[in-house]
Every structure is written in structure tokens, then in C-alpha cells.
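Asks: make a model of this:
(2 chains)
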Amino acid sequence: MAGDRRVRGVVRLVVRRALLAALTLWLVSLVTFWSIEAMPGDAATRFLGRDATPEAVARLRERLHLDRPAPERYGRWLAGIVQGDLGPSLASNRPVAVIVGPRLWNTLTLAGLAFLLHLPVALIPAAVAALNRDRPVDHAIAAVNLIAVSLPSFLIATLLLVGLVMIVPVFPAVSSVYPGMPPAQRLRALALPALTLAIVMAAYALRMLRDNLVEVLDSEYVRMAELKGLSQRRILLRHALPNALGPTLNITALNVAYLVSGVVIVEKVFAFPGFGTTLVDSILVSDTPVVQACVLIAAAVYIAANLLADVGALLFHPRLREAA
Amino acid sequence: MMRRPVFLLLAVGAIVVSALRPIPAIGAPGDECVKLVGHAASGEKLSMDPAVNTAIEDLLYLPNIYDALVDLDASFRPVPVLAESWQQSPDGRQWTFRLRRGVKFHDGRDFTSADVVYTFKRLLDPATASGARATLGFLDPEQIEAVDSHTVRFTTKQPVVDFPVATRNKFTYIIPNGMKSEDFAKRGIGTGPFLQESFTLGAPFNILKRNPRYWQAGFPKAECLRTSIVGEPVTRAAAILSGDADVVVLVDMATVPNLSKNPKVQLLRTGGASAMVIAMWVDTKPFNDKRVRQALKLVIDRKAINDTVFLGMGELGNDSPVPPSNPVAYSTEIPKRDVAKAKALLTEAGYPGGIQVDLYSSTNLPGMLGIAQAFVQMAAEAGIRINLVQAPPATYWSETWLKVPFMTSGWAARPPAEALGVAYRKTAKWPETHWFRDDYDALLDRADGTADPARRADILKQAQRMLAEEGGAIIPVFAPVIAGVRAECSGYVPHPSLNYLDFKSVSCKR
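Replies: Residues are numbered from 1 along each chain as shown, chains lettered A, B, ... in the order given. Reported below is the predicted structural model:
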């Protein structure tokens, strides 16, 4: 049966991809551990910094088993991770899962909102540009788009901050969210960081979307629809857009991957209590276990997103599926 | 007829527009409080235990929750707090503190001498692993005794003149007798103006409530404080304007021009605060020649550094760690730049073709790297070719600083005698210039043994002159502390040291 073969193929594929993902994650753990290990000094001296007294360093070294050889410490760490234990923070001794968990949730809501927000931000100008091909509006949108692509997210965030907080005060400068926050306030607090991320993502998607739309609008079936006398709006929304969206899925996968790293900078700018801020703060105080765990979590999210995108793409493209 | 995609677009648009409309703040926790914003997060390192505080985020909490025996004013003179008065014995080796009566800890316990004895013994206990041990080396834990319920006596081996000042630092807040390290994870308990009902590590903000039983009548002024951290300088500036912050304890230099024009903000600035240092090892070539050190001090244009790196808001320095505005400073004169003389000194020292050296710096302190960059340009004119090595900030203090012969650093404002000792004594924990001079130490010892303030100041001035003329520290400028306060708030006075923030007089009209 064709259906059976199809299911078996997909299962085999998912298993293979999952194994590859695990391998990648293991490589990330290697790089993370050994690059931190290669830094000058050890975890104890870096953590204590200028206030280090010999006793304090000695006690911390003992607690962290720094007297043991590095491969052994790596083995211990990896064994913990495999059992789902990311270890405790060096500073507070709280489990990393407890520290990062709620923050990761905050980041996911931010990323989710940014993702939703980036769709209209990309779609509307893309449609306008495609319908007005080679007219001044198209060129203007292309120019603005080029600028947006070139600006680092840090600068976009700062510009939004200056514009929408300092000049026209509509949003709070600090995006602190807390448990039990009313939804309207939460949305308002999330607005600026989400908008920053949405602009960055939309900038990538817009050009491809516009080009796809142009191509589709030139196609024979669109001409057919025009000849049938359908309204332009209907042609665009019902016939052109759905067909133009498909090829942009790749860009979407890239954008999701971008979110993993992009949030770090954007969260820091808006002091958003998310995963990225936790990573930066723990780097600043040299809380090595938290840093290692955060890098691993980020890598896991990245790999998982790619895995999902791959599987999704394969499910919808039979030709690719056969090749796999 | 409305088609679905159009409807979807409209819905998304409606959400965006409704988010754009300012929604009145409806009771975010602590909105009614005075909102304090700090500049650097301690992360998981944040602790309510004064003994192990890291002096960044921690210092938004500790001075509110706890009191110390004394506070230090802007010139680092002691002001009575939990100690009402103090007295030195005639031989100089005993200090007796009379403690304030009727003071209660936040949990209702009475404050007595046992708490003071416990606090200091705990700080000196190696098991506590407190940074205070390095600065309280003159104290013997066995020689701290409670004379009666409200009198404490410290006996030292050597006379210590400035004892009340020497025992006041960011670690020496008084905690209740018997409080264990692990107890601080729930909340801090002190006698301070604000109390902590609970403390949540990792929360975006924490709230401190007014201590209704505070010993100083009429204080604190505010009903509550809300503390949070905003690392990004521009966001901190925007936070004052948007009302997310009432008091920003450290405003970045770069945002000052913008804020100073805004009527919503008052910028408060201290005099010279943190000493910015270019340190060279006086026992290492080519810095082992006094003339080379003097040449390096001559090529620097102190005013230009202040104007470019600190927008003219710092205080010019003259290579003494005591700022010229301090009454104990050796001189108020600022050395003039003299490239010709520097060249002559180098030739005399046997370097007619100039010298080539590596200077290490990083971005750990505001302006630190800027000073190094400016210095490289200035020195080049005298044939001093400096190769600037920018080390990673994460490991700068642990792996670069004190390990290379030529580097930048900075020191938070501190009392004159301490400032002269902390990096320059032979026994200093942080000997950043390798200035191991018995005659210099002898001067500091003599100052420590001199009770008469005028004579003591004279000796300290002598030590400073020696350091400025022969030492390995170039101190071109003292960075200021600039705080930003919303116009409707009053009572905040920034301290030159971020270790001594004080919020008990702050209040805001709502």
C-alpha cells in the first residue's frame, strides 16, 4: 500500500534525523565545554573575580571538583545531562532547570508574538510592491527593505526605543513581565521587543515574498482568473498569495533559527526577563554551569526547529521525500 | 461580504493598534513605590548576605535592609548609625563603640552588642569566604567582645587610627546574631529603613517595604521601593523618561547630553569618584626607570582625556589616588602636558629612539578602554609606541589585570588612607604597580599611628607626593557618578562610591 510505505518512510526519516540531531547536540556539548575550559584561569577564579581570596578559591575548586581532570568533569556533566540534570548554578546552587524554565517560557511567548507580528509586516508591503511592480512605490519599499535588512537588531531596538518611548511615549522602556500580569499589560510590555524581532524577520521574508508574488501574478492561471473577470483582490488573496507563500517556508525556518540568537540581544536591550538575559547575566558573573546549560538549550531549540522544518518540508514535497 | 483573509488582516491590525494605545498602568506590583534601577545584574550571584555581596545588583538591596555601625559621608568621614559614639583608648589599640538603644531587627528581635560581635566574627571566619577578610586583616576575632548589652570593644595588635572608617565597607552590615549563610536565601533581616517580606531570585523586580519601626524618626520617606536592573544604557535613560524608573543610580555618560535637556529629569553628579588608573610595574623594564615613568605621566593630556572620554564631567587627577578636591589631597595642581620634556627624559634614560610597549585594557569599567585609546595617541607624539591589547572583559580581572606590566584599571572611591594602601602597600592584595617601598609603607604606618588629624593629613600628603612623583600609577582623571532622578522625586543624594547608596530620604509625588 502506498499509504503504508509513506508512513514507514516518514518514520524512518524522523528517526534518522533525530539521531543526527542528538549527534549534533553532543558535538555542541563538546565545543561548549572545551571552549570554556580553554579560557584563561578556571571556573573558580573567574567566578570570584576581583574579590577572590585564596580560601574562597580553594573552597569553590573543591565544590566544583576542579582538582579532577577535565575529561572526567566533562563526563560527569554529560552523564547529568543525559539524565535530564543540567546541574546547579555555581552562584546560588539552584538547579539550572528552575532558573531557566520560567525565563524560557517568557522567551517563547515573545518569539511567538514576534513571529505572528512579522507576517503582516512582511505580507502587506510585499503585496503592495508586487501589485505596483517597477513603480515608485515598489522602489521605495525595496529601499526601506534594504535598510531594514542592513540594520543590526540592536540598532532597530534602539531606534524604536528613541521613537516610541522617548519622542512619542506609547510604550514602556523596560519590558518586565511577571507571573499573573494582565494580558493587556503583557502585550504592551512585549510590543517593542516583539516589533524589533518582527521587523528583522520581515525584512528577510519581504523580498522573496515580493518576487514570488510577481512570478505568480505573471502565471497563466492568474491570467486565466483575470480573464474570468475575478476581482483583483480575490485573485491576490485566493490564488496568488497561497502559491507564493510555499517557497518562503525556507526563509521562515531560517527566521525561527534567527529568533534563537536574536532574542538574546533584543531581550538585553529591553531588560526582558527571558532566556537571553539569563545567558548574558550568567556570562557577566561567570556562572559557568548556567552558561553551558543555556548554550546547550539554545542549540537544542535550534536543532529542534530545523528538524521540524525538514520533516514538514518533506511531508509536503513528495519529490524530496522520495530522495530521502 | 467580508472574506476571511481580509478579516484576519484586520484582526491582526486591531491587535497591533490596541497595543499601540497607551494603557494606563493598572497596578503592576510596586507601581506606587519609588522605582530604583541599577545598571548591572548579579544574576544568580545576587545575595542578601552582606558577607558575600558582589557589589553590583546587591547594593540596591543591602543598604536598605541593613544598617552598619557607621556610614561614610561624601568625603568618607564616619557618621553615627548603629553606633552612637566611639572612643579610642590612650594607647590606640582599643576602640569602644556605644550602640544605639531601642533598635529592632525586622523580625522583632532587639539589636544588641551580641549581633555586632557575631557579624564581625562571621566575616573573619574563613568558612564564610567573605571578601571582607582581605580588608579587615587588622582585626583579631578573639579580640572582639561585648562589654555590656550595648557596648562593643575591639582590640588590635597595632593602633588603628581611622578604625570606624576602616571597619565600614560593603560587607560590614550588621546581621542578627546566629543568622546562617543559608538563611539569606529566603530574605535578608536587618535593622535598615526598608524590610523584605520575601525575596525571589531571578524575579524581574523585588519590592522592599517601609520599616515602620525604623529607629530614625521620620525615615524612610518612601512607602516602598521597587528594584530592577536595566543593563542597556539607552534603555536606562529611556526608563526615566517613560516613568519605569524614578531613580537610576548610574546614568551612562553617552546619554547625559540628551537627558540634561529634558525637564522630566534631574541629573545629579558627584565630584571625582572612581580613580581611573594606567598602571605600570616599577620593577619591570622599561618602567623600572623613574624617568620613563615620569615621561609617560608627562605625555598624557588630562583635560583632553576628561573632555573626550568623560565629556568633561570627571575630575582631573594628579597621579594620587586621592582626588584633588579631597581636603587631604597633596596638591590641587594638575600636571601640564609636556612632550618635549618627556622626550628629553626618555633620551636621558637611554631611550633616544623612544620605547615600544604593550598596554592591556578592556571594557569592564566605563571609560577605561577610551582612556587607553586616547593615551596611545598622546604617547605616540613622544616616540612612545604603545600597542594596545584589548583583553576580553569576562576574564580581564582574573587573568590579565595584575599579570601584565602595563594595564588599565579603576578603583571605586574610598577613604584616603585606604586608597593609598589598597594597591600600593608592600602587603597589598592588589599590587598593580609593584610599588614595594618600605619608606612609603612607613609613612602609611606613621599616619595610622597619628591621632591628630592635621598631622595625619600631612603625612598622607607626603605619601601621595612620593607616589605621584615616583610611583607607577598614572591617574589622569576621576570618573564621576551620575544619577538620574525623575523631576517629581526628591531627597536622593548620590554617593561617590556605589558601595554606599542611600535611599531612605527619597520620595516621589504621585
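Asks: contacts for stretch B:395-403?
Replies: A:39-41, A:45-46, A:48-50, A:52, B:360, B:362, B:364, B:391, B:407, B:409, B:430-432 (CB atoms under 8 Å, 6 or more residues apart in numbering or on different chains). Every residue, glycine included, has its C-beta placed from N, CA and C.
Asks: apologies, that question was intended for stretch A:111-126.
Replies: A:141, A:144-145, A:187, A:190, A:193-199, A:201-203, A:205-206, A:209-210, A:213, A:241, A:255-256, A:259, A:263, B:9, B:12-13, B:16.
Asks: buried ones among those residues?
Replies: With neighbours counted using 16 or more other CB atoms under 10 Å in any protein chain shown, the contacts of stretch A:111-126 contain these buried positions: A:141, A:145, A:187, A:190, A:193-199, A:201-203, A:205-206, A:209-210, A:213, A:241, A:255-256, A:259, A:263, B:12, B:16.
Asks: low-confidence regions, the chain specifically.
Replies: By default, I'm working from chain A. Residues of chain A that meet the criterion pLDDT under 70 lie in A:1-4, A:6, A:50-51, A:246-250, A:313, A:315-324.
Asks: not quite, go with chain B.
Replies: In chain B, residues with pLDDT under 70: B:1-27.
Asks: ok so, going back, of the contacts of stretch B:395-403, which belong to helices?
Replies: If you go by DSSP state H, the contacts of stretch B:395-403 have A:Thr45, A:Arg46, A:Leu48 in helices.
Asks: considering only the residues you listed, which also neighbour chain B?
Replies: When CB under 8 Å from any CB of the partner chain is applied, the members of the ones in helices among the contacts of stretch B:395-403 adjacent to chain B are A:Thr45, A:Arg46, A:Leu48.
Asks: name all residues that make contact with the residue nearest to the last one when sequence neighbours are not counted.
Replies: Right, A:Leu48. Distance criterion CB to CB, 6 or more residues apart in numbering or on different chains; nearest residue to A:Leu48, sequence neighbours excluded, is A:Ala56 at 5.6 Å. Going by CB under 8 Å, 6+ apart, A:Ala56 touches A:Leu48, B:Ala129, B:Gly131.
Asks: now swap in B:Glu32 and tell me
Replies: B:Glu223, B:Cys224, B:Arg510.
Asks: any chance of these in CSV, plus secondary structure?
Replies: Converted to CSV, those look like this (DSSP: H, G, I helix; E, B strand; the rest coil):
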residue, secondary structure
B:Glu223, coil
B:Cys224, strand
B:Arg510, coil
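Asks: most neighbours, which of these?
Replies: Across these, neighbour numbers were computed from other CB atoms under 10 Å in any protein chain shown; B:Cys224 holds the maximum, 17 neighbours.
Asks: coming back round to it: looking at the buried ones among the contacts of stretch A:111-126, which are in helices?
Replies: A:141, A:145, A:187, A:190, A:193-199, A:201-203, A:205-206, A:209-210, A:213, A:241, A:255-256, A:259, A:263, B:12, B:16.
Asks: quick one: the strands in the stretch 151-300 of chain B?
Replies: B:151-155, B:194-195, B:206-210, B:224-229, B:247-248, B:265-269, B:274-280 (DSSP state E, counting those that start in this stretch).
Asks: quickly note the distance from the nearest residue to A:Ile156 once chain neighbours are set aside to A:Leu110.
Replies: Nearest residue to A:Ile156, sequence neighbours excluded (CB to CB, 6+ apart): A:Thr196, at 5.1 Å. Going from A:Thr196 to A:Leu110 by CB to CB, to the nearest Å gives 10 Å.
Asks: again, but for B:Ala447
Replies: From B:Ala447 to A:Leu110 the distance is 57 Å (CB to CB).
Asks: same question, B:Leu365
Replies: 32 Å.
Asks: who has more neighbours out of the two?
Replies: The neighbour count for B:Leu365 versus A:Leu110, taken as other CB under 10 Å, is higher for A:Leu110 (26 against 20).
Asks: surely the residue nearest to A:Ile156 touches A:Val266?
Replies: Yes. A:Thr196 lies in contact with A:Val266 (CB atoms under 8 Å); the separation is 5.1 Å.
Asks: which neighbours do the two share?
Replies: The contact lists of A:Thr196 and A:Val266 share A:Ser153, A:Ala157, where a contact means CB under 8 Å, 6+ apart.
Asks: what about the strands in the stretch 201-324 of chain A?
Replies: Going by DSSP E, counting those that start in this stretch, the stretch 201-324 of chain A shows no strands.
Asks: alongside chain B, which residues does it contribute?
Replies: Checking the stretch 201-324 of chain A against chain B by CB under 8 Å from any CB, the hits are A:233-234, A:237-238, A:241, A:268-271, A:273, A:277-278, A:280-287, A:290.
Asks: can you list the residues of the stretch 251-400 of chain B near chain A?
Replies: B:Ala394, B:Thr395, B:Trp397, B:Ser398, B:Glu399, B:Thr400.
Asks: redo that, cut-off 6 Å
Replies: B:Thr395, B:Trp397, B:Ser398, B:Glu399 (CB under 6 Å from any CB of the partner chain).
Asks: can you list those in TSV and add neighbour count, secondary structure and distance to B:Leu298?
Replies: Below are those laid out as TSV (neighbours: other CB atoms under 10 Å in any protein chain shown; DSSP: H, G, I helix; E, B strand; the rest coil; distance: CB to CB, whole Å):
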residue	neighbour count	secondary structure	distance to B:Leu298
B:Thr395	18	helix	33
B:Trp397	23	helix	29
B:Ser398	23	helix	33
B:Glu399	17	helix	31
